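Q: Need coordinates for the following:
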Amino acid sequence: MAESTSAAPDRPLTLEEKKAAARARARAAREAQETGIGAALVEVTEPAARYIRESAERLGKAPGVRVRILAGGCSGLEYKLDLLEPGEVAGPGDREADSSGVRVLMDLKSAIQITGSVIDYESTLLRKGFRIRNPNATGTCSCGDSFSA
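A: As a prediction, this is how the structure comes out:
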């Protein structure tokens with residue numbers, strides 16, 4: 001359901017390289033939150049925003065999503081998107097972005113993994129669903145629903 005793209009090296013990353021990349025992602029997420037540039041965390045394309053708004057209206061939810069990165073899938077990590085409940089607010093450990101008129105909430109751990117990503121939505125004959133282009137992913141499974149970082 002989600003696609004990740006990145007310029008992965010021709011070899012597996014060392015533990016030190018993975019740690020350095022995680023620190024850089026954490027720093028970027030923290031800086032984006034501190035400067036109030038929430039859109040720097042994640043971008044929602046207009047097709048994705050339209051689908052989120054239509055789904056939220058149909059189900060009586062707020063026009064936004066909570067993004068979580070969970071352990072699982074064939075590559076180790078997978079995306080989970082849930083519509084926001086009416087009146088749902090960001091908690092003390094949450095990061096918030098607004099893109100294309102849609103609120104995006106995520107916990108700090110997920111924000112670190114998804115900073116700089118683009119959430120898109122496609123509806124074709126062969127596929128219908130979200131695609132996430134994540135520059136932090138070092139690998140993906142063949143279906144694109146999970147990734148490694």
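
Q: Kindly export the helix or strand hosting R58 (C-alpha atoms) in PDB.
A: Here R58 is covered by helix 46-59, with elements defined by DSSP states H and E. Output for helix 46-59, consisting of C-alpha atoms alone and laid out as PDB, is shown next (Å, rounded to 0.1, in the frame of the first residue of the first chain):
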ATOM      1  CA  GLU A  46      -3.400  17.000  -3.500                       C
ATOM      2  CA  PRO A  47      -4.800  13.600  -4.600                       C
ATOM      3  CA  ALA A  48      -3.900  12.200  -1.100                       C
ATOM      4  CA  ALA A  49      -5.400  15.200   0.600                       C
ATOM      5  CA  ARG A  50      -8.600  14.900  -1.500                       C
ATOM      6  CA  TYR A  51      -9.000  11.200  -0.600                       C
ATOM      7  CA  ILE A  52      -8.300  11.900   3.100                       C
ATOM      8  CA  ARG A  53     -10.900  14.800   3.200                       C
ATOM      9  CA  GLU A  54     -13.500  12.700   1.300                       C
ATOM     10  CA  SER A  55     -13.000   9.700   3.600                       C
ATOM     11  CA  ALA A  56     -13.100  11.800   6.700                       C
ATOM     12  CA  GLU A  57     -16.300  13.500   5.700                       C
ATOM     13  CA  ARG A  58     -17.900  10.100   4.800                       C
ATOM     14  CA  LEU A  59     -16.900   8.600   8.200                       C
END
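
Q: So, low pLDDT: which residues of this structure?
A: 1-9, 25-26, 28-40, 73-75, 139-149 (pLDDT under 70).

Q: after the helix holding R58 comes which helix or strand?
A: Moving toward the C-terminus from helix 46-59, the first helix or strand encountered (DSSP H and E) is strand 62-71.
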